[in-house]
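Asks: Next input, structure requested:
(2 chains)
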Amino acid sequence: MPDTPKPPAGAIPIREGLARECARAWERLASPGTWWTGAQRLAIASEARHAQDCALCKRRQDALSPYAVNGEHDSLGTLAPAMVEIVHRIVTDAGRLTRKWLHSMLEGGVTEEEYIETVGVIAVITALDTFDLSLGLPQCALPPPRPGAPMRHRPSGAKRDIAWVSTIEPGAFGPADPDPYKVHGNKNIHRALSLVPQEVFNFFDLDVELYLKDHEIRDFTREYRALSHAQIELLAGRVSALNGCYY
Amino acid sequence: MASVLEGDATRVGVAQGEVLVEFGEAMLRGDAQRRGRARETLRAALGDGALVDAAAVVASFNAVVKVADASGIPLEDFKADATADLRAELGLEKLNHLAS
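Replies: Predicted coordinates:
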């Protein structure tokens, strides 16, 4: 894959499946998605990185009520203001997002499909950057965008019921739509991005190599990693607690 | 669970638990020096493969929280039922942004 970020020479060897999926994740970030072009997806990834240094976001993080703090984000200037607000909130204060906030964003012109693809992009760049940071590697330069137009296809079975956005319940994907539940499982966390099925693949194809496949998580008859199940879950639990993740 | 919430791994009985908890905390909250120390400590204790796995787990759970929180998906009913007492004991409902 041309221009896909590669680890520097002398870096610790990374197991093959994980290295493969990281490379594929970079490629997919730069490629046309379902609703955004490759360039737009990379602009979202860039803004997600930039959000870490936003003064408004820092004031909101420190505030008891983030919705009482107004101002302008420090942004790169390539995304519309509503998209900047979405990216910055998800990156810096996801634990305090509300249905009311999301729906105000949708009323402001971002579609729920665009929103879900944005969530997917943020999740992937967060995973890739955190992995590199944790290994002591420099942050990878974003690859150049790949040409092409987004598909702009909404799955036929989408409906708004369990989540703040529409999702596809298991068994409801039509024959024209890829069904990520058959590959990754159909827990609510898989369903979260299902309005844009390719984003389920984009995130979980990578995540099963970062973490474990669905059937491996509770298979205590063998260890799949250099860390044991208990060690993995202790670390995962601590990271989730630090992030204030209820799910 | 209480150990996970409080960051105290001395009681959990997991091999190198303290090293792993410090690794997670350093990667999310530490400066470059703290991250470097945590990385080297884990590598010395558990090896290169474990370091890669630990980095990968931190990456996974630092990312998946965005998916859960940004979409408003609820905990599955079977999980909610099975963990009701535990969540109450540990005060986890304060993290339930769906309640707001």
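
Asks: what residues are up against A:G185?
Replies: A:D214 (CB atoms under 8 Å, 6 or more residues apart in numbering or on different chains). For the C-beta atoms, the positions are set from N, CA and C on the backbone; glycine is no exception.

Asks: residues near the residue nearest to A:Y181 when sequence neighbours are not counted, how many?
Replies: Nearest-residue entry for A:Y181: A:P170, 5.4 Å, with adjacent residues in sequence omitted and distances by CB to CB, 6 or more residues apart in numbering or on different chains. As a burial measure, the neighbour count of A:P170 was computed by other CB atoms under 10 Å in any protein chain shown and equals 16.

Asks: Now do the lengthiest helix in chain B: which elements does it pack against?
Replies: Across chain B, the longest stretch assigned as helix under DSSP state H is helix B:48-71. If you count contacts as 3 or more CB pairs under 8 Å, 6 or more residues apart in numbering or on different chains; DSSP states H and E, helix B:48-71 packs onto helix A:81-93, helix A:112-135, helix A:188-191, helix A:197-210, helix A:229-242, helix B:17-29, helix B:32-46.

Asks: Same list, these, but as JSON lines with mean neighbour count, mean pLDDT and distance to A:E72 please.
Replies: Formatted as JSON lines, the entries for those read as follows, by neighbours: other CB atoms under 10 Å in any protein chain shown; pLDDT from 0 to 100; distance: least, CB to CB, whole Å:
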{"stretch": "helix A:81-93", "mean neighbour count": "21", "mean pLDDT": "97", "distance to A:E72": "8"}
{"stretch": "helix A:112-135", "mean neighbour count": "25", "mean pLDDT": "98", "distance to A:E72": "20"}
{"stretch": "helix A:188-191", "mean neighbour count": "21", "mean pLDDT": "95", "distance to A:E72": "33"}
{"stretch": "helix A:197-210", "mean neighbour count": "24", "mean pLDDT": "98", "distance to A:E72": "29"}
{"stretch": "helix A:229-242", "mean neighbour count": "22", "mean pLDDT": "93", "distance to A:E72": "29"}
{"stretch": "helix B:17-29", "mean neighbour count": "22", "mean pLDDT": "96", "distance to A:E72": "27"}
{"stretch": "helix B:32-46", "mean neighbour count": "16", "mean pLDDT": "97", "distance to A:E72": "30"}
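
Asks: Please convert those to TSV, extending it with distance to A:P144.
Replies: What follows is the helices and strands packed on helix B:48-71, written out as TSV (distance: least, CB to CB, whole Å):
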stretch	distance to A:P144
helix A:81-93	21
helix A:112-135	16
helix A:188-191	31
helix A:197-210	18
helix A:229-242	32
helix B:17-29	29
helix B:32-46	29
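
Asks: ok, the residue nearest to A:Y181 touching A:N188?
Replies: No: in this structure A:P170 lies outside contact range of A:N188 using CB atoms under 8 Å: 10.4 Å.
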